[in-house]
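In: A structural model of the following input is requested.
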Amino acid sequence: MRKFSDPIVAEFSNDGKRLRLVEGFEYYLKQDHSTKIIIPSGFSSDGFTNMGFSFVIPRYGSGLKCAILHDYMCDVLNGVVSRPQDFFINTRKECDDLFLESMLEVKAFSVFKAVLIYYAVRIFAKVKGLK
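Out: Below you'll find the model as predicted:
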């Protein structure tokens, strides 16, 4: 199991639209370093879903692990991936808040850009009726 700060070990699909983790990784919460989310090996992600704004946020650019973490949390909440017993996230807002925390923690983007990305995913969630 890799640390959040370690490089990603993944395989890309032939069309380049998805990646699959060869090695999983862990994300420890900033406020409670004893609490973590484990993203397992084999998990697939599309990276940053950028709605065509790849000039602002490249699909596989800086902060990719943050996007994978967010995809994993959302997939667990939506039942796409089975829910681990120790999974403590219960709302989309909690997923989005941890996404922001992770972007700020690893300094993947400027604070302004991280907050802008956060509000974009929050607006998307509200439009889709997700809590």
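
In: now do the contacts for D75.
Out: By Cβ atoms under 8 Å, 6 or more residues apart in numbering, D75 lies in contact with 43, 81. Backbone N, C-alpha and C define where each C-beta goes, glycine included.

In: can you tell me the element it falls in?
Out: If you go by DSSP states H and E, D75 is part of helix 64-77.

In: where does the residue nearest to S44 when sequence neighbours are not counted land on pLDDT?
Out: With sequence-adjacent residues excluded and distances taken as Cβ to Cβ, 6 or more residues apart in numbering, S44 is closest to R20, at 4.8 Å. In this model, R20 is scored at 97, pLDDT.

In: name the element R20 belongs to?
Out: With DSSP H and E as criterion, R20 is part of strand 19-21.

In: mind listing the helices for the chain?
Out: For the chain, the helices identified by DSSP state H occupy 64-77, 92-105, 111-127, in order along the chain.

In: quick one: buried residues of the longest one?
Out: Read it as helix 111-127. Within helix 111-127, the residues that qualify as buried by neighbour count (16 or more other Cβ atoms under 10 Å) are 114, 117-118, 120-122, 125.

In: kindly report the same for the second one.
Out: Within helix 92-105, the residues that qualify as buried by neighbour count (16+ other Cβ under 10 Å) are 92, 95-96, 98-105.

In: now distance to V76 and pLDDT too, for those residues, in TSV please.
Out: Formatted as TSV, these follow (distance: Cβ to Cβ, whole Å; pLDDT from 0 to 100):
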residue	distance to V76	pLDDT
R92	11	95
C95	9	96
D96	14	97
L98	12	96
F99	14	96
L100	18	97
E101	17	96
S102	16	95
M103	19	93
L104	22	94
E105	20	91
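
In: which one of those residues is nearest K65?
Out: For the buried residues of helix 92-105, the minimum distance to K65 (Cβ to Cβ) is 7.4 Å, reached by S102.
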